[in-house]
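S.K.: sequence? don't have it. structure:
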């Protein structure tokens, strides 16, 4: 079984964290067949943390967990903090395939989305 | 003349700020006819600030400036800080039409982009 963990920064504003949780449900409703379970994870300020989110996927039966940073720019969080959390989870779960996907902002489609949103 | 100001958070990691500046150039290259000039602005940690970015567009001749928050979640920055900066710029430039567009994460296309990136 596969899992996708969408990792956001986390906010003091709970409505913002709920938005991420709702997004995960929408993605799962639309693509459960290809992605498996879709769950949220937060770098800080909200639960579950990245390790807890990965662990929850594994406990639900995932043998492969893709961690997708829901970030637009490759700042310190994307380049250092999230990879460090992923490596910790890998060390704790050597039998699980934990994949770190490129952050969302790296997708070439972002250009066209900006053109559409800014026009 | 129109302008689009793409507003990112700003990072201590200068490569991340450069990524936003490069993105603006790519968007302008692809859509200058419809969007006009495309410039970066940063909420903190990088230059130009949002008011300075808006001012630069006006000095280059823009009569309409669309401010597009390059953010995925509606946290405090999107819901409070950026609107406050935009309102300050409006007060200083009553003759310019300053539009605050929805933040990028509000675009419905984000769902499909997540499905593609996480698959």
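M.R.: Now that the structure is in, tell me what you want to look at. All values reported here derive from a predicted model rather than from experimental measurement.
S.K.: When you work out contacts or count neighbours from here on, use the C-alpha atoms and nothing else.
M.R.: Fine.
S.K.: what's downstream of the lowest-mean-pLDDT helix or strand in chain A, the next helix or strand?
M.R.: Here the helix or strand of chain A ranked lowest by mean pLDDT, DSSP states H and E is helix A:76, holding a mean of 89. Taking DSSP states H and E as the definition, the helix or strand that follows helix A:76 towards the C-terminus is helix A:82-92.
S.K.: The helix or strand just after that next one close to chain B?
M.R.: On the C-terminal side of helix A:82-92, the nearest following helix or strand under DSSP H and E is strand A:97-100. No - Strand A:97-100 stays clear of chain B (C-alpha under 8 Å from any C-alpha of the partner chain), getting no nearer than 9.6 Å.
S.K.: For strand A:97-100, what is the distance to the chain centroid?
M.R.: Centre-to-centre, strand A:97-100 and its host chain are 11 Å apart (C-alpha atoms, centre = their mean, to the nearest Å).
S.K.: what's the neighbour count on residue A:58?
M.R.: Applying other C-alpha atoms under 10 Å in any protein chain shown, we find 18 residues neighbouring residue A:58.
S.K.: Can you read off the pLDDT for it?
M.R.: The predicted structure scores residue A:58 at 97 on the pLDDT scale.
S.K.: Report the separation between it and chain B.
M.R.: Distance of residue A:58 to chain B, given as C-alpha to the nearest C-alpha, to the nearest Å: 17 Å.
S.K.: How about the contacts made by that residue?
M.R.: Residue A:58 makes contact with A:65, A:96 under the criterion C-alpha atoms under 8 Å, 6 or more residues apart in numbering or on different chains.
S.K.: and if you look at residue A:7?
M.R.: A:40, A:41, A:42, A:43, A:50, A:67, A:68, A:69, A:70.
S.K.: From those, which land in strands?
M.R.: A:40, A:41, A:42, A:67, A:68, A:69 (DSSP state E).
S.K.: contacts with chain B among the contacts of residue A:7, please.
M.R.: Counting by C-alpha under 8 Å from any C-alpha, the members of those near chain B are A:67, A:68, A:70.
S.K.: The last one contacts residue A:6, doesn't it?
M.R.: Yes - the pair residue A:70 and residue A:6 qualifies as a contact (C-alpha atoms under 8 Å) at a distance of 6.1 Å.
S.K.: Looking at those two now, which is surrounded by more residues?
M.R.: Just comparing residue A:70 and residue A:6: by other C-alpha under 10 Å the higher neighbour count belongs to residue A:6, 28 against 25.
S.K.: Tell me which residues of the helix ranked longest in chain A come out buried.
M.R.: Residue-count comparison of every helix in chain A, with assignments taken from DSSP state H, identifies helix A:14-35 as the longest. Under the neighbour-count criterion of 16 or more other C-alpha atoms under 10 Å in any protein chain shown, helix A:14-35 has A:16-21, A:23-25, A:27-28, A:31-32, A:35 buried.
S.K.: Next, format those as JSON lines and append distance to residue B:63 and pLDDT.
M.R.: Written out in JSON lines, the entries for those read as follows (distance: C-alpha to C-alpha, whole Å; pLDDT from 0 to 100):
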{"residue": "A:16", "distance to residue B:63": "33", "pLDDT": "91"}
{"residue": "A:17", "distance to residue B:63": "36", "pLDDT": "95"}
{"residue": "A:18", "distance to residue B:63": "37", "pLDDT": "96"}
{"residue": "A:19", "distance to residue B:63": "34", "pLDDT": "94"}
{"residue": "A:20", "distance to residue B:63": "36", "pLDDT": "95"}
{"residue": "A:21", "distance to residue B:63": "39", "pLDDT": "97"}
{"residue": "A:23", "distance to residue B:63": "36", "pLDDT": "96"}
{"residue": "A:24", "distance to residue B:63": "40", "pLDDT": "97"}
{"residue": "A:25", "distance to residue B:63": "41", "pLDDT": "98"}
{"residue": "A:27", "distance to residue B:63": "39", "pLDDT": "97"}
{"residue": "A:28", "distance to residue B:63": "43", "pLDDT": "97"}
{"residue": "A:31", "distance to residue B:63": "43", "pLDDT": "97"}
{"residue": "A:32", "distance to residue B:63": "47", "pLDDT": "94"}
{"residue": "A:35", "distance to residue B:63": "46", "pLDDT": "97"}
